[in-house]
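S.K.: Predicted model, plus sequence, below.
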Amino acid sequence: MEELLEIYSKEGKFLTIKDKSESHKEMMAEFIKKGKVSNKHKHSRVLLLTSSGKLILQKRSKWKGDNPGLWDKSVGGHTFKHESFDFTIVRECAEELQMPTTVVNKSDFKHAKNLIDLRVLGLIFQLEINKNDISLRKMKNKRIWEEPSITAYYLGYYDGPIRFERGESSGFRVSSLKEIEEEMKKNPQMFTKDMLYMIKKWKHLIKPINKIK
Amino acid sequence: MTSEIEIYKEKIKIFDMHNRFIKLENKFKFYKSLRREYKEKNKVTRKVHTIRLFLLNGVGKIFLSRRSRIKKENSLLFDKTIGAHIRKNETPEYTVLREAEEELGFAAVVLDREDFENSIKENNLRLFGVAKFIETISNFDAYYRQPDGSTVIFPQITSIFIGVYDGSIKFEDSETDIIEVFDIDELINELKNNPDIYTNDLKVLVPKYENELRKIIKLIEKKS
């Protein structure tokens, strides 16, 4: 399937539309040649928690080109042409976890958390949009490359069932922040850089849903 | 979720070493006295009846559960998909059904060989799981790694099941902290190359049922 991405300059100016795999090939080629990447795409990423405040993490399958076999944030992906960041989250949760979700703004979230049965529907809100995001990714040959992007970050809650898509992830875990932090200290190489970044930045929000103000 | 109070109330079937049923006993109390017996005599004179389920997904990969750190025994080791004690008034088949619902949140049925194979071919296994009984091992050594690193061995009667399910799962965030799928070749290599993170159960039972698992995986692959 053709997947089209909006391409932006480093300064955030819209340039053109390109096929995802073609654009990635160009980015990698540029990185290998010059050690940097000059264009960027849009991404959306969500950290999912259970209502008790435990982190839901996915293990990227060994067959992925980037970050194979590492523990990663719950769900994330490219925001395609004509897609909103919010819609990317809804689509990726459905595709990767077969999980129904709704994305609401922060003030609606406070009301919605008392109405929605989290065993049936995931509830997600946006944390921020970082127009100058940099994601460090490990290639199959262990080399690290830096992917600049415009990225929207989200936090969400879900207590329902998941079905992990058969090629993308090879596993899921539900762990407390304390356990993950201990493991991150001992074995940081087991986690994606995105994951380390998100945990560090939004640690203060990783708590049970009834503690979110 | 099974609350702790329920766990302490749980009554299980106890057998003597000749597999004769003795009585029902509270699980917690039973293990306390069994450990005491093991400590004093380095062997035990009673055993329990358990089930072990190896579950395959819709592309024939094996689901393994990692035992969370709240488990005192075999903590943080990858294990078969489901293991459980047979309780009061239960058949092994019913225990499989109950545990599939409690531990992973899916509906399971146990079928005989022919129905099981037909179900893999014909049914939409995203809606429910099917399992088949393989055998009952009347003297299975269950290894339990203790928090201090030592291992105790308790013999059990255990009934082995293999199942297939392709739908959503929900794992309770207490007893299991990771669910991962493994390709059978990958798992056999892993058990050899990385034995410290897997339970003894897997090291013994995966090679033992490798042919059986491969036959079922072939059936699944034919369909997908």
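M.R.: That came through fine.
S.K.: For A:I124, list each beta-bridge partner.
M.R.: A:V103, A:G156 (DSSP bridges).
S.K.: Correct me if wrong: it contacts A:T102.
M.R.: Yes: using CB atoms under 8 Å, A:I124 is in contact with A:T102, at 7.0 Å. Every C-beta, even on glycine, is put in place using the N, C-alpha and C of the backbone.
S.K.: Please identify which of the two sits among more neighbours.
M.R.: Neighbours were counted for A:I124 and for A:T102 using other CB atoms under 10 Å in any protein chain shown; A:I124 has more, 26 against 18.
S.K.: Give the other helices and strands that the top strand by length along chain B contacts.
M.R.: Counting residues, the longest strand found in chain B (DSSP state E) is strand B:129-145. Strand B:129-145 is packed against strand B:46-56, helix B:92-99, strand B:108-111, helix B:113-122, strand B:151-164, helix B:200-208, with contacts defined by 3 or more CB pairs under 8 Å, 6 or more residues apart in numbering or on different chains; DSSP states H and E.
S.K.: Buried ones in stretch B:27-47, by neighbour count?
M.R.: Buried residues in stretch B:27-47, counted by 16 or more other CB atoms under 10 Å in any protein chain shown: B:K27, B:F30, B:Y31, B:L34, B:V44, B:R46, B:K47.
S.K.: distance between the ends of stretch B:16-36?
M.R.: Chord length of stretch B:16-36, first to last residue, is 17 Å (CA to CA, to the nearest Å).
S.K.: re earlier: filter the buried residues of stretch B:27-47 down to just the ones in strands.
M.R.: B:R46, B:K47.
S.K.: export the buried residues of stretch B:27-47 to a markdown table and tack on distance to B:E180?
M.R.: As requested, the buried residues of stretch B:27-47 are exported to a markdown table (distance: CB to CB, whole Å):
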| residue | distance to B:E180 |
| --- | --- |
| B:K27 | 28 |
| B:F30 | 31 |
| B:Y31 | 28 |
| B:L34 | 31 |
| B:V44 | 32 |
| B:R46 | 34 |
| B:K47 | 30 |
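S.K.: Closest residue of chain A to chain B?
M.R.: Closest to chain B within chain A is A:G171: 3.2 Å, counting by CB to the nearest CB.
S.K.: contacts for the helix or strand containing A:E96?
M.R.: Taking DSSP states H and E as the definition, one finds A:E96 inside helix A:85-97. With contacts defined as CB atoms under 8 Å, 6 or more residues apart in numbering or on different chains, helix A:85-97 is touched by A:42-44, A:46, A:58, A:74-80, A:83, A:99-103, A:122, A:124, A:126, A:129, A:152, A:154, A:156, A:162-165, A:168-169.
S.K.: Buried ones among those?
M.R.: A:42-44, A:46, A:58, A:74-80, A:83, A:99, A:101-103, A:122, A:124, A:126, A:152, A:154, A:156, A:162-164, A:168-169.
S.K.: among the helices and strands packed on strand B:129-145, which is the most enclosed?
M.R.: strand B:46-56 (a mean of 23; mean count of other CB atoms under 10 Å in any protein chain shown).
S.K.: next helix or strand past the longest helix seen in chain A?
M.R.: Ranked by number of residues, the top helix in chain A under DSSP state H is helix A:20-34. Proceeding N to C from helix A:20-34, the next assigned helix or strand is strand A:39-49, under DSSP H and E.
S.K.: from the middle of its chain, how far away would that next one be?
M.R.: Mean-position distance between strand A:39-49 and its chain equals 4 Å (CA atoms, centre = their mean, to the nearest Å).
S.K.: Which other helices and strands does that strand contact?
M.R.: Applying 3+ CB pairs under 8 Å, 6+ apart, we find strand A:39-49 packed against strand A:4-9, helix A:20-34, strand A:55-60, strand A:75-78, helix A:85-97, strand A:122-138, strand A:144-157, helix A:193-202.
S.K.: That one: partners in the sheet, and parallel or antiparallel?
M.R.: When DSSP bridges is applied, strand A:39-49 pairs with strand A:4-9 (antiparallel), strand A:55-60 (antiparallel), strand A:75-78 (antiparallel), strand A:144-157 (parallel).
S.K.: Would you list the strands that the next helix or strand after the longest one pairs with, along with their directions?
M.R.: In this case it means strand A:144-157. Counting by DSSP H and E, the element after strand A:144-157 in chain order, helix or strand, is strand A:169-175. For strand A:169-175, the paired strands and their directions (DSSP bridges) read strand A:55-60 (antiparallel), strand B:176-182 (antiparallel).
S.K.: what sits up against stretch B:137-155?
M.R.: By CB under 8 Å, 6+ apart, stretch B:137-155 touches B:17, B:19, B:34-35, B:38, B:44, B:47-48, B:50, B:72-75, B:77, B:156-160, B:199-201.
S.K.: again with stretch B:116-131
M.R.: Here stretch B:116-131 makes contact (CB under 8 Å, 6+ apart) with A:163, B:53, B:55, B:58, B:96, B:100, B:106-111, B:132, B:161-168, B:216, B:219-220, B:222-223.
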